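>>> Quick one, what's the 3D model for this:
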Amino acid sequence: MAMNLGPGDGLTPGSDPEPIMEINTTPLIDVMLVLLVMLIITIPIQLHSTDLNLPTGKPPVNAVPPEVVKIDIDPANVVYWQGVALPDRAALEDKLKAAAAQAEPPEIHIRPDARSRYDTFASVMVSAQKLGLRKLGVVGGEQFQ
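Numbering: from 1, shown residues only. The predicted model follows:
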């Protein structure tokens, strides 16, 4: 059996053996693990919850149903307000301004035809949102599936 005493080609009589230059990391790892466990134990548990005070009982019934304005877009990209064709975008914006000025703004239901252009639909949506109408809905989405 042989034993490795370290680097070098042997010991000469009267010389000291060379010290081993490698550090033993096992005690350092043990200390780090103990510190990590202590840190985990001492950190308070964070609860990610928010207390909400929710109302109980039935919600009040609206005595007056909301007004609904129907805007249709046909395959020729003509915009209709409640079934009446509008000549241009300025007429649409005038109608939207009048609707936005009401005390209780109406719901806007937009029904585009599947063959109409997207930019016509987008311009109606942009005009309504720009004028402050927030209750917008797209009706008839099943025709696009």
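>>> all contacts plus neighbour counts: C-alpha atoms, from now on.
Noted.
>>> which SSE is Leu36 in?
When elements are assigned from DSSP states H and E, Leu36 belongs to helix 26-42.
>>> Which parts of the helix or strand just after that helix count as buried, going by neighbours?
Using DSSP H and E, the helix or strand that follows helix 26-42 towards the C-terminus is strand 68-73. Neighbour-count burial for strand 68-73 flags Val69, Lys70, Ile71, Asp72, Ile73 (criterion: 16 or more other CA atoms under 10 Å).
>>> just checking, what packs against the next helix or strand after strand 68-73?
Note on strand 68-73: by DSSP H and E, the next helix or strand toward the C-terminus is strand 79-81. Contact here means 3 or more CA pairs under 8 Å, 6 or more residues apart in numbering; DSSP states H and E; on that basis strand 79-81 packs against strand 68-73.
>>> Put the alpha carbons of the strand it packs on into PDB.
The C-alpha coordinates for strand 68-73 follow below in PDB (Å, rounded to 0.1, in the frame of the first residue of the first chain):
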ATOM      1  CA  VAL A  68     -78.900  51.200 -24.900                       C
ATOM      2  CA  VAL A  69     -77.700  52.700 -28.200                       C
ATOM      3  CA  LYS A  70     -77.200  50.200 -31.000                       C
ATOM      4  CA  ILE A  71     -74.600  51.100 -33.600                       C
ATOM      5  CA  ASP A  72     -74.500  48.700 -36.600                       C
ATOM      6  CA  ILE A  73     -71.900  48.500 -39.400                       C
END
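>>> List of residues touching it?
Residues outside strand 68-73 that contact it (CA atoms under 8 Å, 6 or more residues apart in numbering): 79-83, 106-113, 116, 120-121.
>>> hmm, try it at 10 Å
With CA atoms under 10 Å, 6 or more residues apart in numbering as the test, strand 68-73 has contacts from 78-85, 92, 96, 99, 105-117, 120-121, 124, 135-139.
>>> Sketch out the low-pLDDT regions of the protein for me.
1-14, 47, 144-145 (pLDDT under 70).
>>> and the helix holding Leu36, which residues are buried?
For helix 26-42, it's none, nothing buried (16+ other CA under 10 Å).
>>> same question, stretch 53-72
Buried, per 16+ other CA under 10 Å, within stretch 53-72: Val69, Lys70, Ile71, Asp72.
>>> Noted, bye for now.
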